[in-house]
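Colleague: with the input below, show me the fold.
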Amino acid sequence: SNKNGIQDEGEVGVANVKVTLNETNATTITDSSGRYEFCGLNEGNYSITIETPEGYMITLKNQGGDDSIDSDLNSDGSSDKVTIKGDNNYTLDGGVYKTTAILGDRVWLDINGNGIQDDNESGVSGVVVYLLDANGSRVKDSSGKDISSISDENGEYRFEVEPGEYMVEVDSDSIGVGYKLTIKDALNNSVDDKDSDIDPQTYRSDIVKLEAATEYRDLDIGLVRIEGEIDIEKLTNGADADRADGSDVPLVLVGQEVEWRYIITNRSSESLVDIRVEDDKEGVISCPKVELAPNESMECIKKGVAKEGDYENRAIVSAKGKESGSEVSDEDLSHYRGVNGVSIGDFVWEDINRNGVQDEKEVGIGGVEVILFMKKDDEWVEAVDIDGNRVEKVTTTSDGKYIFENLKPNETYKIKFEIGDEFYPTLKDVADDAVDSDVDENKEIVVEVNTTNLNLDGGFYRKGEIGDYIWEDRNANGIQDEEEAGIGGVEVILLNENGEELQRVLTNEEGLYLFKGLEPATYQVKIITPEGYFVTRENVGDDERDSDLEEFLAQGEVKMPKELIESNESNRSLDGGMFKPVCLGDYVWLDENGNGIQDEGEKPLEGVSVKLIPLEDEFGNINTIDVYKQPIVDKIIATDSNGHYEFCGLIPGRYKVAFKTDEPYLSTKAVDSSDEIDSDIEPFKNASEEWVESEPIDLSLSNKPVLDAGFIESLCVGDFVWYEEEVNGRYDEGEPGVIGIEVRLLTLDNQIAKDIFGNDILPVKTNSNGEYSFCNLKPGGDYKIKFILPDTYHPTIQNGVADDEIDSDANSEGEIIVNNLQRVEDSKYQGIKDGKPGNYTLDVGIYCDCEDYEINPTKSSASFNLISSLFFLLLLLSLFRRV
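Modeller: Residues are numbered from 1 along each chain as shown. Modelled structure (predicted):
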């Protein structure tokens, strides 16, 4: 009952609820304790569904952590599946709570008449209380009877109702003779459960708003005994007219008959006798009785002739109790105004919001012709005034006022407004007559005029329109940019405030739409996005140029905010922007010659990691998701076997990409060339150790750049230093390699060269076979290879033969100049040695100018080994002297 989803102490089961075992369609009904049971089940998974009792709702599910006392039902009355295996399961419970509310409280006898429920004051039974709606109408049951409650022996009454706004009304006949209602709100609502809440004049309470499953038990009703009371009500020509300035004061033509009616009521608990009625102007009034029983009334009548001006007279009644002898009296004023003629008028205005009420900002309509007719023998004829003269038509003033004067009272008139066809009558008679409109659908007011009536107003409105533009927001910035065009053929639907469809149109070829002829009201525009389009950002700028569609990235049916269209308003600012998703890619390749250009024959790189990096654009937008609302920040994909990559489903915006390789590739150089064939990433970065980024790009349907990435391999240079047995500038078979020769790699300006990682390249020495190499070099680089020879040793003839694989490449200074380093396909290594590509044709032959030593190519191997050993010793001595 407290809707907390827990079986609390005191909460009882609900009987006669239908329960279905979903897997077998078996059903049962809960017993008087709310219990149900399905027996003889096989092991397996089962679930139930209950038929929610009328007036109940399902409570919260799985509250509190104790499955034995919580509710296991979803909001539709179904449970999740539970597994039956071996043991029984008696924990599949369902909680429901009433959606109705309780209204009521207590009727009591207010002995001391203070309006407070004191301790010694008891309840009153048998008092009938009716249930009213917020408009003051009695609520009916299903059979059409008034719903009522009768107070019990404790004075208590109650209503069980649906949520809403209600009042209660006390049946005055049921409170008994000699009783009346006590004073209302004696405690000014500070302690509402102790005072009386019923107005003694209207017998009604104030409006009470009830929420579902709530109780309001503070509408108390206090009764007091009537000790002795008489009441007189005086009416002048049927009007109460208690106040001289009241709106009900009748206007009576001078000389016409005036009728006063005096209504006397005995409100005592005993009979009243010796009743006397006197009028301070008209004298003693003759009445049919001099004795009235409790609650009995009588009517006395006096007639006279109307005099000019304001007239006031006072009626006084006196009597005494038949048994008690107590004297009682009462008096009442009444008024009339004697006139020579009456006036009618008042105001014609433009009802901007068509609510039928003159709101503060709404102004009058000037220049409207108003014509007056009067009814004679059931026909409408031209009106005449009190003197019989024809009443001429009038024209409203600049502020919308009109008036007809000196008219006959007690006649029926018709006021006709001659106003342009573009004006339509607003709602009629929706509020107080001083501020509402009285014009019917024919632009007329028909009224019975007994007195001057300056509340005959006419409200009119003009129809409006709503539109305007559906466009392709190619950059998804939410703004109608100059180069962006409208989308034709888009379905646009106009809804009323309740979401009901009114009209449906298609945008024209320019993307424009318009709904015309709209009454002032609240409207909503809905579109159906064309296939492949997504809704752009909303409300990012000037309402004339931004998009008003409510949900970014939505598809299908998408609404704009509700808009109030006022009289004669043209609202052409309801625009909708849409875009198609874009892709970003393109190609990663091995730039074998390191020129930064995709040359024919250069191979694609497969498996290179590519990361997407969204950036903030000039409008402050950053796309962290794609059009399918999936996260894309640092999203990583890999190039395919053709070196291609692609990120699709992207929202137009600002992005960059970054690349990373498994192999020690270096990003190639940047060149000023066609964007279709160059590399677009930072040059000369080690892609195996860091992400190499592209420049930021603005991606849109109008701008789809390609972001290519070229990478270069690190290369080696080397190969062989040999001893020239015959100084002929070529390597002859059998000539030995020279061990221990120091080789340095320099820049062309004799600085220490650096590898692709930026490290200094240290000198090396030839190995036992005379071989040397330097690796991790940039393709396309320019280098100088410097050989440090011992004294008396010199490079042989440079390029002694035309075969680069067997000639000597060093100049007389022992240097080899390498321009634009590339891999060389030699016959020995095919350009790759020990798995490392490069130029392995850079050889040097050396000889000694020693006079006492001659190399003979025909010497034995032993002699050769001796020579090699002597050479090595001389080399060491030379190096030692250098140190």
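
Colleague: domain parsing for this protein?
Modeller: Domain assignment of the chain by automatic domain parsing yields the ranges 101-225, 230-339, 342-455, 464-579, 581-712, 714-856.

Colleague: now render those domains as JSON lines, adding mean neighbour count and mean pLDDT.
Modeller: (C-beta placed from N, C-alpha, C; glycine too.) Listed next are the domains of the chain as JSON lines, based on neighbours: other C-beta atoms under 10 Å; pLDDT from 0 to 100:
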{"stretch": "domain 101-225", "mean neighbour count": "17", "mean pLDDT": "91"}
{"stretch": "domain 230-339", "mean neighbour count": "17", "mean pLDDT": "90"}
{"stretch": "domain 342-455", "mean neighbour count": "17", "mean pLDDT": "93"}
{"stretch": "domain 464-579", "mean neighbour count": "18", "mean pLDDT": "95"}
{"stretch": "domain 581-712", "mean neighbour count": "18", "mean pLDDT": "91"}
{"stretch": "domain 714-856", "mean neighbour count": "17", "mean pLDDT": "90"}
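
Colleague: and these: which comes nearest Y36?
Modeller: Closest to Y36 of the domains of the chain, according to C-beta to C-beta: domain 101-225, at 23.7 Å.

Colleague: show the end-to-end separation of the closest one, please.
Modeller: Separation of the first and last residues of domain 101-225 by C-alpha to C-alpha, to the nearest Å is 33 Å.

Colleague: oh, and call the first residue 19 from now on, that's how I've got it
Modeller: With the count now opening at 19, the last piece we talked about shows up as domain 119-243.

Colleague: on that earlier part again, could you dump the domains of the chain to CSV with distance to N22?
Modeller: As requested, these are exported to CSV (distance: least, C-beta to C-beta, whole Å):
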stretch, distance to N22
domain 119-243, 12
domain 248-357, 52
domain 360-473, 43
domain 482-597, 34
domain 599-730, 36
domain 732-874, 68
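
Colleague: and S65, which of those is closest to it?
Modeller: Taking C-beta to C-beta, domain 119-243 is the member of the domains of the chain nearest to S65, at 26.9 Å.

Colleague: how near is the closest residue to I650 other than its chain neighbours to P599?
Modeller: Distances taken as C-beta to C-beta, 6 or more residues apart in numbering put D644 closest to I650, at 5.1 Å, once the chain neighbours are dropped. Relative to P599, D644 is positioned 7 Å away (C-beta to C-beta, to the nearest Å).

Colleague: which SS class is S192?
Modeller: helix (DSSP: H, G, I helix; E, B strand; the rest coil).

Colleague: hang on, the earlier thing: list residues touching both of D644 and P599?
Modeller: G667, L668, I669 (C-beta atoms under 8 Å, 6 or more residues apart in numbering).

Colleague: tell me which of these is nearest to M185?
Modeller: Scanning the shared contacts of D644 and P599 for proximity to M185, where the rule is C-beta to C-beta, the winner is I669, at 56.0 Å.

Colleague: my guess is the closest one meets K647, correct?
Modeller: No - the pair I669 / K647 is not scored as a contact, 10.2 Å apart, by C-beta atoms under 8 Å.

Colleague: circling back to that earlier point, turn the shared contacts of D644 and P599 into a markdown table, columns for secondary structure.
Modeller: Formatted as a markdown table, the shared contacts of D644 and P599 follow (three-state DSSP):
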| residue | secondary structure |
| --- | --- |
| G667 | strand |
| L668 | strand |
| I669 | coil |
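
Colleague: picking that back up, quick check: neighbours shared by I669 and K647?
Modeller: L571.

Colleague: for G112, find the nearest of the domains of the chain.
Modeller: G112 lies closest to domain 119-243 among these, at 16.7 Å (C-beta to C-beta).

Colleague: mind listing the residues bridging to A44?
Modeller: On the basis of DSSP bridges, A44 is bridged to L39.

Colleague: so where do the helices sit in the stretch 469-618 of the chain?
Modeller: For the stretch 469-618 of the chain, helices defined by DSSP state H, counting those that start in this stretch do not occur.

Colleague: grab the nearest non-local neighbour of N837.
Modeller: Per C-beta to C-beta, 6+ apart, closest to N837 is D800, 5.2 Å.

Colleague: correct me, but C793 touches P855?
Modeller: No - using C-beta under 8 Å, C793 is not in contact with P855, being 9.6 Å away.

Colleague: give me the common contacts of those two.
Modeller: With C-beta under 8 Å, 6+ apart, C793 and P855 have common neighbours L733, C734.

Colleague: circling back: ok, the residue nearest to N837 touching L763?
Modeller: No - look at D800 against L763 with C-beta under 8 Å: they stay out of range, at 11.4 Å.

Colleague: tell me the spacing between G406 and K426.
Modeller: With C-beta to C-beta as the criterion, G406 and K426 are 9 Å apart.

Colleague: cool, G31 as well?
Modeller: On the measure of C-beta to C-beta, G31 and K426 end up 76 Å apart.

Colleague: isn't R235 right up against F177?
Modeller: No - assessed by C-beta under 8 Å, R235 is found out of contact with F177, at 10.7 Å.

Colleague: find residues that contact each of those two.
Modeller: In contact with both R235 and F177: I120, L121, G122, using C-beta under 8 Å, 6+ apart.

Colleague: now the nearest residue to I815 once chain neighbours are set aside: how far from Q816?
Modeller: Counting by C-beta to C-beta, 6+ apart, G747 is the residue found nearest to I815 once chain neighbours are left out, at 2.9 Å. Distance, G747 to Q816, by C-beta to C-beta: 7 Å.

Colleague: residues contacting E296?
Modeller: Listed by C-beta under 8 Å, 6+ apart, the contact set of E296 reads V302, I303, A333, I334, V335.

Colleague: what helix or strand does it sit in?
Modeller: strand 290-297 (DSSP states H and E).
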